[in-house]
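Asker: build me a structure from this.
(one chain, ligands or ions: 2)
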Amino acid sequence: MSNPTIGIIGGGQLGSMLSSAAKNLNIKTVIISDDKDAPGQFFADEFIYCKYDDNLKIEEFCSKVDFVTFEFENIPYSTLSKINNIKKVNPKPAINKIIQNRLSEKNFLNKNNIRTTSYISVKNENELKSSQDFIPGILKTCILGYDGKGQYKINNEKELDDLKINFENHYILEKLVKLKKEISIIITRFNDQKYEIYEPIENKHEDQILKFSKIPAEIDKKIYNQSKDWAMSIAEELKYVGTLCVEFFIDRNDNLYVNEIAPRVHNSGHLTINAYNVSQFENHVRAVCGLEQIPLKKISNATMVNLIGDQITNYRKFPKFKDNEFFFDYLKKEIKEKRKMGHITTLV
Ligand code: ADP
Ligand code: MG
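Answerer: Ligands and ions are numbered 1, 2, ... in the order given. This next block holds a predicted model:
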């Protein structure tokens, strides 16, 4: 095959960065998105705007590409499997189905002897009011949550009694972990037992949104090894192809828990663009398109700070950066509160 074309579902910043990585490999990109202002259109070779149930547009998309991937996990399973019948989708839609739902995701992890927070399924008012054992906790929608959306922190029994929830959605209630630290592992699986794995990344969240990441993570050897082992067994168990992120909690007694799995490239891995010979985005494109696997080498330690909402404004006006600082503007049309607008990676 001459150089393949990769189709990317979703046109946010992750789709943009995947497109840039593909371009460096001489691979063409077609982005399909249900947002006509999606910034990915400025980075891809071609952009298709449609709703994800528009069969004609989806067929047009499939006819233009050789391989398909996605930049966010909440694509309807029916859409993904329809596409997969025409062009190969990686990660496989069946994996997405497990991970899209917090309950099946956590059940999958526990079945594989990987520790998660304690949790209980909550489908109605009665189940919620009788779940005192999980307080203090966080109630989360099973599907369609991100950046803390669809989450309710419940500090005590009074708050539990007072909470009014619309039970159209299925929820889980997770016991609150007394956090010491959060870390993530980014891993790209190419094939059976064939991986490239980045070192653990330390993350800080503000208002449940990632604010800051750095390598190296300040963690002990046991957690370093355990997090890598768990990430590898998750990727292997899922027979995953592409880049995957596993988010972890470390509690005050140094217990490690998997918080969640993102079946895609991840915000905490943005620093890999500048800190490694091959970024998480390039590795994803390589794995999905069946290209050569290149051994990872770290070039530098790094920090990454997210620019959220109008934090980007000054950097746009006065783009003055040192040689070791790398500014990324996602070119989103509108600045909104809590919206990720860009980031800065600093090599240290
Ligand atoms: P999202 O899908 O929105 O990223 P997460 O489940 O990862 O949702 O939660 C976002 C952040 O909220 C986490 O990174 C963590 O900082 C905090 N958080 C979520 N669940 C818990 C928990 N059970 N205990 C302590 N902190 C939590
Ligand atoms: Mg998360």
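Asker: okay, CA-based contacts and neighbour counts for the rest of this
Answerer: Will do.
Asker: and the residue in the stretch 201-348 of the chain that ligand 1 sits nearest to, what are its phi and psi?
Answerer: Residue of the stretch 201-348 of the chain nearest ligand 1, by CA to the nearest ligand atom: Gln208 (4.1 Å). Dihedral angles of Gln208 (phi, psi; degrees, to the nearest 10) stand at phi 60, psi 10.
Asker: same check on Pro91?
Answerer: phi -60, psi 150.
Asker: how about the contacts made by the closest residue to it other than its chain neighbours?
Answerer: Nearest non-adjacent residue to Pro91, counting by CA to CA, 6 or more residues apart in numbering: Val241, 5.4 Å away. Neighbouring residues of Val241 by CA atoms under 8 Å, 6 or more residues apart in numbering: Asn90, Pro91, Lys92, Thr188, Arg189, Phe190, Asn191, Ala287, Val288.
Asker: among these, name the buried ones.
Answerer: Those of those that meet the buried threshold are Asn90, Pro91, Lys92, Thr188, Arg189, Phe190, Ala287, Val288, by 16 or more other CA atoms under 10 Å.
Asker: list the residues that contact the first one.
Answerer: Read it as Asn90. Asn90 touches Phe67, Val68, Thr69, Phe70, Tyr240, Val241, Gly242, Val288, counting by CA under 8 Å, 6+ apart.
Asker: surely the first one and Lys88 touch.
Answerer: To tie it back to what came earlier, the one meant is Phe67. Yes - at 5.6 Å, Phe67 and Lys88 qualify as touching, with contact defined as CA atoms under 8 Å.
Asker: which ones among the contacts of Asn90 also lie next to ligand 1?
Answerer: Contacts with ligand 1 within the contacts of Asn90, as defined by CA under 6 Å from any ligand atom: none are present.
Asker: tell me, how many residues neighbour the nearest residue to His170 once chain neighbours are set aside?
Answerer: In space, not counting the residues next to it along the chain, His170 is nearest to Lys123; the distance is 5.1 Å by CA to CA, 6+ apart. By other CA atoms under 10 Å, the residues close to Lys123 number 14.
Asker: verify the contact between Lys123 and Leu173 for me.
Answerer: No - using CA under 8 Å, Lys123 is not in contact with Leu173; the gap is 10.2 Å.
Asker: packing partners for the strand ranked longest in the chain?
Answerer: The longest strand of the chain (DSSP state E) is strand 179-191. With contacts defined as 3 or more CA pairs under 8 Å, 6 or more residues apart in numbering; DSSP states H and E, strand 179-191 has these neighbours: strand 194-197, strand 201-206, helix 221-237, strand 242-251, helix 280-288.
Asker: what do you get if the cut-off is 10 Å, keeping everything else the same?
Answerer: Contact partners of strand 179-191 among helices and strands, from 3 or more CA pairs under 10 Å, 6 or more residues apart in numbering; DSSP states H and E: strand 194-197, strand 201-206, strand 209-215, helix 221-237, strand 242-251, strand 256-262, helix 280-288.
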